[in-house]
Every structure is written in C-alpha cells, then in structure tokens.
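K.L.:
would you be able to build a 3D model of this:
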Amino acid sequence: MIALNNISLRFGNFELFSDVGFMVNERDRVGLVGKNGAGKTTILKILCGLTAPTTGTVSVPASVSLGYLPQHLRIYDNSRTVYEEAATAFSEIKALELELEALNHEVAVRTDYHSDDYAKLLEKLSQVSDRFHLLSTDNIESGITRTLKGLGFTDSDMVRMTGEFSGGWRMRIELAKILLRAPDVLLLDEPTNHLDIIAIQWLEEFLKEYRGAVVLISHDRTFLDNVTQRTIEISLGRIYDYKVPYSKFVGLREERLIQQKATWENQQKLIAETEKFIERFRYKASKANQVQSRIKQLEKIEPVVFDEIDTRSIHFRFPPAPRSGTIIVETSGLSKAYGDNIILEDIDFVAERGDKIALVGKNGEGKTTFARIIAGVLDYTGHLKVGHNVKIGYYAQNQEELLNEELTVYDTLDQVAVGDVRQRLREILGSFLFSGEDIDKKVKVLSGGEKSRLALARLILEPRNLLILDEPTNHLDLKSKEILHEALIRYDGSLILVSHDRYFLNGLVNKVYEVKGRKLKEETGGIDHYIARYRKQILQQLSLSQPAPAVKNRDTSNDSKQEYLDKKEYDRNLRRLRKEVENHEKAISELETSMELLEQEINKMHSGENIDDRVYANYQDARRQLDQQMHLWEVACEKLQEFEANT
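P.N.:
Numbering: from 1, shown residues only. Prediction:
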C-alpha cells in the first residue's frame, strides 16, 4: 500500500536516515520503536507527506487514504460541540454522495461510449462508488457515540463545547474523528499519551479489528504487544524490520547481535590466521602457490557487518530512604472542590511504610488532584496527616513545564542541590544522558524526553522516603522506562504512583486504588484484576466477545456491506494474481527477445568477427534469468488456478 524507497534525510551535515526503506501492506500492524530522537515521528511525517526526504521516494497509490494523528496538535476551532466536531469525520461521505450524483448524471447523458474520456469517466465512477460503499453506514449516529464513549466521553460531554476541554481531551476528539473516517492506513504518533487505562484498552480492541493498516509509535510496551504484529526499529540512521510484536522483537534482536558478533569474531580469526600464513611463507618458493591461493582467498572475503546499536541509556538508583514512622499518610473526610464542582468527597485513606500504591481510573476522576494534595501542592477540606520523618519527593504530570526554561541543564540541578551532592552534579547528569556540551544547553531547547530525564535527575538529589509520581513515563523511551521501573522496584521507600502504563505498574505496586465517583476504592485483586474487569465491558461494547444469535427479520445492511467488502477483497486478490502472471509473461518475452539478439551476435563472432567474452556472459546470464522467470511463472499460474478453483 505504501512504500519508502531508499529514503535519506539530512539536516545540514547531520544525516538522520541513510538509504532506508520498507513497505506497509494491507492489514499490517506496525510498531515503530527507537530511542527519543531516533526519527520515529519523522518517518510518520514522511509517510503522510508532511516531510519530504532528501533522497529516495515515497509511493502512495492515489486510491489509498491516510489518517494521521500527530503527537502534538494545535486546535483553534471551538465553535462546535463534542458530538458535532466528531460528526465532521463523515464530511467525506457527504462529498462522495454529491460526487456520485454528478457522475451518474454525466454517464446518463453522454453518448460517446467508445471514447477514452468515457472510459475514464466510468473508472472514476467505479472508484468513487467503491469508496462511498466502504465508508457509508446506516448507523453513523451510534458509531459517533460509541467511539466517543470508548475514548472516555460521557453523555453529558456530547453537548459541551470543545473549547471547554483540555488539550488532552481535544486530542481524544481528533483521534475519534480519524477512527470514524476509517482511512486505509492509520498513522498514530503516541495515541495513548492522553488516554487512561480504560480508554487504552478500548483503543486496543478497536485497532485489533480495524480493517485497514496501522502504523503507530508508542512507548507503552503492553499496547505494542497487544496491537502490533510487526516491529520496525530505528537506530542510528538504520532500520531493522521484524515480523513480530515488541517483546518478541527484543529477544530476536539480542539473538541477532549475538550471532553477528560470533560470525564477526570467527571471520576475524580466519583473517588473522590467513595473514599469518601469508607473512610466514611469503618468500619461500616452495609455498608460492599456496601463498597466492591464500591471498586470493583473503581478497574474496566479504566483511561481516556488525550492526551498531544505540546502547546508551539512563542508569541510576534512588538514594536509600530515611526511616519513617509506620504511617506515611493518613486522611479522613478529605474533600476537594472547585466551586460547585466536587472532585473528591469524604476520602478515608491510609498508606504505611513500604507501600507501593497505584492510583488508577479514568482521566478527570481526581487521581492527579489527590496526588497533589498529598504532595502539599493543593489545599483541601477535611483532615490529612503526614507521618513522622516523612520526606516527600513529587514528580508532577507536567513536571517538564515547571522547569525554568532560561536555566541551563547544569544550573537546573545546581539551583536546588545542597551539601556534598553538588560535587557530583556532572556525574548525576551523565547517568541521565547529559554529558559534554549538553549540560550547558538551556532547558527551552530540550525535547520532552530530555526534560523528563532532567526532572527525574532533580528528584534523586536528596534522599526521600515517599515518592509521589504522576505519569513519570509520559516522555520516556522504552529502555528508559524499563530502567526507571527497575529503580523503583529496588527503591526501599514508599511510593504513590499515577500511571496508565500497565507494563510499568505490573510487578511494581502492591496496592491499587481506583479513583471513581469522587471516592477512593481499593482494588483487592490487584492491577491485573482491575484491567480484566474493564476489558470484559469493552469487549461487550465493541461486540467482539460473542456473535449474537440469529433472529428473524434482522437488519441485513451489515451483511450486505460485509458481502460487498468480501467481493472487493476477492477482486483485489484476483487482479493481483493475474497481474503477477502477466508480469512474468512479459519478462519471459523480453528475455527471449534479448537472447535472440545475443545469439545473432554470437553467430557473427563465429563467422570471423572479433570475439567478445562479455557477449557470452550476457547470454548465459539471460538464460539463467529466463529459467528463473519460467519457474516463477509456473508458480504464479498454479496460485491463480488454485485461487479460482477454491472460490
């Protein structure tokens, strides 16, 4: 469907990619992975035409539609309700309907049935009709409502103006519009960044059943494993393509590197032994033939390419936690409201030394509000008691926005560091991948991931025994998230964590509290039970669990649409197989013509003209190609016959 061919991209003297390429096929589920700054977002922009490569080509058939969700999106139109904005996704159907009417009228009145223009008109009518039938549905209203609810909107949200919602919720509306348009290829850049666990699960199930292809970037390992079937890694300007989900890719990549290293070491050993033999017997006449043979053998060796992998990653440990009292935090009757809007009401909560607690629930229910109250950032009503000798370290969800953008990386730490730790600031920054000239950069030029790493570096400047972390993994790459995960497992203090990353939570927390309906409720079954409970509801909503039993007089519109789509798929495969046979037949004809011309040249040479060895070589090469094409033609014919016989 889409092909990147020998793409290179340069910015001045810096080359981001060099001669990379891959194809996106129908129904592909591709995960783009790599470190922050590797070029994942740039690849998506190249695929959808927003960025032009320096060299190479991008092939996208005119009939293929694309839907692109960027990681950051500026939205200015606030004149519609949530429902009205989502409904704009079907503007293409309305336009196609009008175009169909015009084309059908033109076909009816024209009489030049054998002209090229008439043939082109019929072809255009067929294309527009196909697209219209693919997109059209009798249940537009229910589709809009179902999609918006799946992404977390309530019935009351449907009539609210879009301008009332935060940027994260506006991104959800844009995602809903793209999903409702049902393009042939979805290009999604961090689609889970603004979603809670429930909405992420809904999106997973939706994408699993999606009819088109999906190419996505995500730092959510569980999401990648559940959605994708193919992983393309971008590392140091090169691309590595694996036909497996992310977790399996990690193992296969490690195996590849081990095999390459072993092969490279064996080759180096062979080269060293050969060079030693040549040097030892170079001047002995009795060994001259063997020496020459070894020299030729050495010249024919093709060096094994040992893939360079970007192995840089953060590495740190939290300082040992000072001992605190048994009770870390205790609340009773705690409430929080903004005017008439009550967020939390009569919360009774106790956290003890050593607890590692996850706060989960839908966005907007009050997880961040509760975390900020405990951290001492927000006021409240009711009672809150922080335990004896509790030292709190707080990482806000928008932590990177709270940094002073005019300070340098080094000064950001130096401003808050006290005591002996100031002598280790360069070492600490180095463990978070800030070295050399990086430490003199101003915060305002850093990427989101770099700002997150800098905020984490500030967090370990002094020992804490209660860490309150609100979405600490939002801008971290997969490797950095794994290292933070391990550091928190080893951390001997207490933890209150707000996160929608299921892989990150798994094995880390020992208590789970759901924030819902202004209350806190402990999920006794743990994070896995919480996820499974909502997944069942999502499957029922998407009608993916079990097909409904057949009933009389049921609506057949969905069946008709399915039959239409099945026929389209059959016709597409039939055309592809026939085209494959035709291509091989064309290649065979061209090779036979080429061989006839070469035979004529050979006959002339036998008649006394100059003999050219290249003509013989070309003739033999053409014969080999002809044999290969004949074999491929036979295989293609068998496939076509089998396909026609089985359908």
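K.L.:
please name the bridge partners of the most centrally placed residue in the chain.
P.N.:
The centroid of the chain falls nearest to residue 217 when counting by C-alpha atoms, centre = their mean (2.0 Å). For residue 217, the beta-bridge partners are residue 32, residue 189 (DSSP bridges).
K.L.:
for it, what are its contacts?
P.N.:
Contacts for residue 217 (C-beta atoms under 8 Å, 6 or more residues apart in numbering) come out as 31-33, 40-41, 44, 71, 188-190. Every residue, glycine included, has its C-beta placed from N, CA and C.
K.L.:
at 6 Å instead, please
P.N.:
Counting by C-beta atoms under 6 Å, 6 or more residues apart in numbering, residue 217 makes contact with 32, 40, 189-190.
K.L.:
residue 56 should be in a helix, yeah?
P.N.:
No: the assignment for residue 56 is strand, going by DSSP: H, G, I helix; E, B strand; the rest coil, so no helix is present there.
K.L.:
and it, how many residues sit next to it?
P.N.:
The number of residues packed near residue 56 is 18, by other C-beta atoms under 10 Å.
K.L.:
from residue 37, how far off is it?
P.N.:
21 Å (C-beta to C-beta, to the nearest Å).
K.L.:
go on, residue 20?
P.N.:
Distance from residue 20 to residue 37, counting by C-beta to C-beta: 16 Å.
K.L.:
which one's more surrounded, the two?
P.N.:
Remark: of residue 20 and residue 37, residue 20 carries more neighbours, 23 against 15, as counted by other C-beta under 10 Å.
K.L.:
now the helix or strand hosting that one: average pLDDT?
P.N.:
Following DSSP states H and E, one finds residue 20 within strand 14-24. Averaging pLDDT along strand 14-24 gives 88.
K.L.:
same deal with stretch 297-310?
P.N.:
Stretch 297-310 shows a mean pLDDT of 72.
K.L.:
helix, strand or coil for residue 497?
P.N.:
strand.
K.L.:
count the neighbours of it for me.
P.N.:
Counted with other C-beta under 10 Å, residue 497 comes out at 25.
K.L.:
which of the contacts of residue 217 lies closest to residue 396?
P.N.:
Closest approach to residue 396 among the contacts of residue 217 (C-beta to C-beta): residue 190, at 19.3 Å.
K.L.:
once you drop chain neighbours, what's closest to that closest one?
P.N.:
Once flanking residues are discounted, residue 190 sits nearest to residue 71: 4.7 Å by C-beta to C-beta, 6 or more residues apart in numbering.
K.L.:
pretty sure that neighbour sits against residue 187.
P.N.:
No: counting by C-beta atoms under 6 Å, residue 71 does not reach residue 187; the two are 11.3 Å apart.
K.L.:
between these two, which one's more packed in?
P.N.:
Under the criterion of other C-beta under 10 Å, the comparison of residue 71 against residue 187 puts residue 187 first, with 26 against 17.
K.L.:
in what helix or strand does the more buried one lie?
P.N.:
Per DSSP H and E: strand 185-189 holds residue 187.
K.L.:
can you tell me what sits against that strand?
P.N.:
Applying C-beta under 6 Å, 6+ apart, the contact partners of strand 185-189 are 41, 44, 47-48, 66-71, 212-217.
K.L.:
recalculate using a threshold of 7 Å.
P.N.:
By C-beta atoms under 7 Å, 6 or more residues apart in numbering, the residues outside strand 185-189 that reach it are 1-2, 24, 41, 44, 47-48, 64, 66-71, 178, 210, 212-217.
K.L.:
for PyMOL, what selects the buried ones among those?
P.N.:
The PyMOL selection below is limited to those of the contacts of strand 185-189 classed as buried (16 or more other C-beta atoms under 10 Å):
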select buried, resi 1+2+24+41+44+47+48+64+66+67+68+69+70+71+178+210+212+213+214+215+216+217
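K.L.:
from the contact counts, what lies against the strand holding residue 20?
P.N.:
strand 2-11, strand 238-242 (3 or more C-beta pairs under 7 Å, 6 or more residues apart in numbering; DSSP states H and E).
K.L.:
paired strands for that strand, with orientation please.
P.N.:
Counting by DSSP bridges, strand 14-24 is paired with strand 2-11 (antiparallel).
K.L.:
now do the strand it pairs with against strand 238-242, angle only.
P.N.:
Note on geometry: by axes from the mean of the first three to the mean of the last three C-alpha atoms, to 10 degrees, strand 2-11 and strand 238-242 are set 150 degrees apart in direction.
K.L.:
pLDDT (mean, whole number) over strand 2-11?
P.N.:
Mean predicted lDDT for strand 2-11 stands at 89.
K.L.:
stretch 633-647 now?
P.N.:
Stretch 633-647 shows a mean pLDDT of 72.
K.L.:
C-alpha coordinates for the strand holding residue 20, CSV please?
P.N.:
The C-alpha coordinates for strand 14-24 follow below in CSV (Å, rounded to 0.1, in the frame of the first residue of the first chain):
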residue,chain,number,x,y,z
PHE,A,14,23.6,15.7,10.1
GLU,A,15,22.1,12.7,8.5
LEU,A,16,19.1,11.2,10.3
PHE,A,17,18.5,8.3,7.8
SER,A,18,20.6,6.8,5.1
ASP,A,19,19.0,4.7,2.3
VAL,A,20,16.3,3.1,4.4
GLY,A,21,13.1,1.6,3.2
PHE,A,22,10.1,-0.6,4.0
MET,A,23,6.6,-1.4,2.8
VAL,A,24,3.3,-1.1,4.7
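K.L.:
okay, buried residues for that strand please.
P.N.:
Of the residues in strand 14-24, those buried under the neighbour-count criterion (16+ other C-beta under 10 Å) are 16-18, 20, 22, 24.
K.L.:
for these, which one is nearest residue 469?
P.N.:
Minimum distance to residue 469 across the buried residues of strand 14-24 is 32.3 Å, recorded for residue 16 (C-beta to C-beta).
K.L.:
dump the residue contacts of the nearest residue to residue 372 once chain neighbours are set aside.
P.N.:
In space, and not counting its chain neighbours, residue 372 is closest to residue 378: 4.5 Å by C-beta to C-beta, 6+ apart. Residues in contact with residue 378, defined by C-beta under 7 Å, 6+ apart, are 336, 369, 372.
K.L.:
now the phi/psi pair for residue 378, please.
P.N.:
Torsion angles at residue 378 (phi, psi; degrees, to the nearest 10) stand at phi -110, psi 150.
K.L.:
show the pLDDT at it.
P.N.:
You'll see residue 378 listed with a pLDDT of 94.
K.L.:
what's the separation between it and residue 468?
P.N.:
Separation of residue 378 from residue 468 (C-beta to C-beta): 12 Å.
K.L.:
can you list the low-confidence ranges for this structure?
P.N.:
74-76, 134-139, 305-313, 540-569, 605-613, 645-647 (pLDDT under 70).
K.L.:
quick check: residue 177 touching residue 89?
P.N.:
Yes: between residue 177 and residue 89 a contact is recorded at 4.2 Å, counting by C-beta atoms under 7 Å.
K.L.:
what's around residue 384, how many residues?
P.N.:
As a burial measure, residue 384 scores 17 neighbours (other C-beta under 10 Å).
K.L.:
and it, how far from residue 359?
P.N.:
15 Å.
K.L.:
I'd guessed residue 65 sits against residue 178; true?
P.N.:
No: Residue 65 sits out of contact with residue 178 when judged by C-beta under 7 Å, with a separation of 10.7 Å.
K.L.:
quick check: phi and psi on residue 334?
P.N.:
According to degrees, to the nearest 10, residue 334 has phi -80, psi 130.
K.L.:
I meant to write residue 442 there.
P.N.:
According to degrees, to the nearest 10, residue 442 has phi -80, psi 150.
K.L.:
what residues are up against it?
P.N.:
405-408.
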